[in-house]
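1. compute the structure for the input listed below.
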Amino acid sequence: MYLDQGESVMNKFIFDVDGTLTPSRQTIDPEFKKFFLEFCIANEVYLVTGSDYPKTQEQLGDNLLRWPIFVYACSGNDVWAKGERIRTKEWTLPDESRDLLHSWLQVSKFPLRTGIHFEDRPGVCNFSIVGRNATLGERNLYVGHDQDHRERETIALQFNSLYGDTITAKIGGDTGIDLYPVGWDKSQILDDFDPTDRIYFFGDKMDVGGNDYPLKAANTRGHNYTVKNWRDTWERLHYLQEARLAE
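-> Numbers count the residues shown, from 1 in each chain. This is a model prediction of the structure:
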């Protein structure tokens, strides 16, 4: 356990999953999994992801998920510990808001539609132009389209201008937009932490508009690390370990 010398401050580590511990919607690298499992055993670790718990199981595996104190699925709206659900919230995207997103499905210039464009999860709805049935290759095509046209950013800005008083739209993962009631974002998990905790948060969508940003902005009691991918996370954790050993 990391513990600052001469202080009663506990270091706690929070990790996003997609883009931080794994490639988006893919399984964790076997060598990194071995390292991260050892890190979880030695430290107080929490996971927070926009995905639901079953997807996180597929990506990380049950043996790894035994070790985090909590797994905050669906941006903290569905909380799990050692494979057991602790609490959950339910919410449905209103029809009027859903209709706006349907209109984007009609006008988007991206040519592919693979199905499951709306995925309702506890406390959140995920919207995707390409659809949740997309293959990795089809997802990569959409990533390129989105980088060129900033489509998700445009959709989220329009949605928030119309419904932002009650519903928030944030870019999540590589192809989706997460929608949830105001305040039901990743920052809500801080309610479970003590004010004296020092929190190290790792995420890849830390910019304004990304689904890691609310937790980054609210985390004033520690450090926030914007990572490029799981390899970047691994390197930063190695650095933290080496720095601690050097003290």
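2. got the domain boundaries for this protein?
-> The record's domain parsing of the chain by automatic domain parsing lists 11-89+184-245, 95-181.
3. including mean neighbour count and mean pLDDT, could those go into a markdown table?
-> For the C-beta atoms, the positions are set from N, CA and C on the backbone; glycine is no exception. Formatted as a markdown table, the domains of the chain follow (neighbours: other CB atoms under 10 Å; pLDDT from 0 to 100):
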| stretch | mean neighbour count | mean pLDDT |
| --- | --- | --- |
| domain 11-89+184-245 | 18 | 94 |
| domain 95-181 | 17 | 95 |
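4. excluding its backbone neighbours, what's nearest the residue nearest to the spatial centre of the chain?
-> Centrality entry for the chain: nearest residue to the mean C-alpha point is residue 49, 3.3 Å, by CA atoms, centre = their mean. In space, and not counting its chain neighbours, residue 49 is closest to residue 17: 4.0 Å by CB to CB, 6 or more residues apart in numbering.
5. alpha carbons only: can I get the top helix by length along the chain in PDB?
-> What stands out as the longest helix in the chain, according to DSSP state H, is helix 230-245. Provided in PDB are the C-alpha atoms of helix 230-245 (Å, rounded to 0.1, in the frame of the first residue of the first chain):
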ATOM      1  CA  TRP A 230      -2.800   1.300 -21.700                       C
ATOM      2  CA  ARG A 231       0.900   1.400 -22.400                       C
ATOM      3  CA  ASP A 232       1.100   4.900 -21.200                       C
ATOM      4  CA  THR A 233      -0.700   3.900 -18.000                       C
ATOM      5  CA  TRP A 234       1.800   1.100 -17.500                       C
ATOM      6  CA  GLU A 235       4.700   3.400 -17.900                       C
ATOM      7  CA  ARG A 236       3.300   6.000 -15.500                       C
ATOM      8  CA  LEU A 237       2.600   3.300 -12.900                       C
ATOM      9  CA  HIS A 238       6.200   2.000 -13.300                       C
ATOM     10  CA  TYR A 239       7.400   5.600 -12.700                       C
ATOM     11  CA  LEU A 240       5.300   6.000  -9.600                       C
ATOM     12  CA  GLN A 241       6.600   2.700  -8.200                       C
ATOM     13  CA  GLU A 242      10.200   3.600  -8.900                       C
ATOM     14  CA  ALA A 243       9.700   7.100  -7.400                       C
ATOM     15  CA  ARG A 244       8.200   5.600  -4.200                       C
ATOM     16  CA  LEU A 245      11.100   3.100  -3.900                       C
END
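6. other SSEs contacting it?
-> Here helix 230-245 touches helix 30-42, strand 198-203, going by 3 or more CB pairs under 8 Å, 6 or more residues apart in numbering; DSSP states H and E.
7. right, and these - which one's nearest residue 135?
-> Among these, the nearest to residue 135 by CB to CB is helix 30-42 (22.3 Å).
8. packing partners for the closest one?
-> helix 62-65, helix 230-245.
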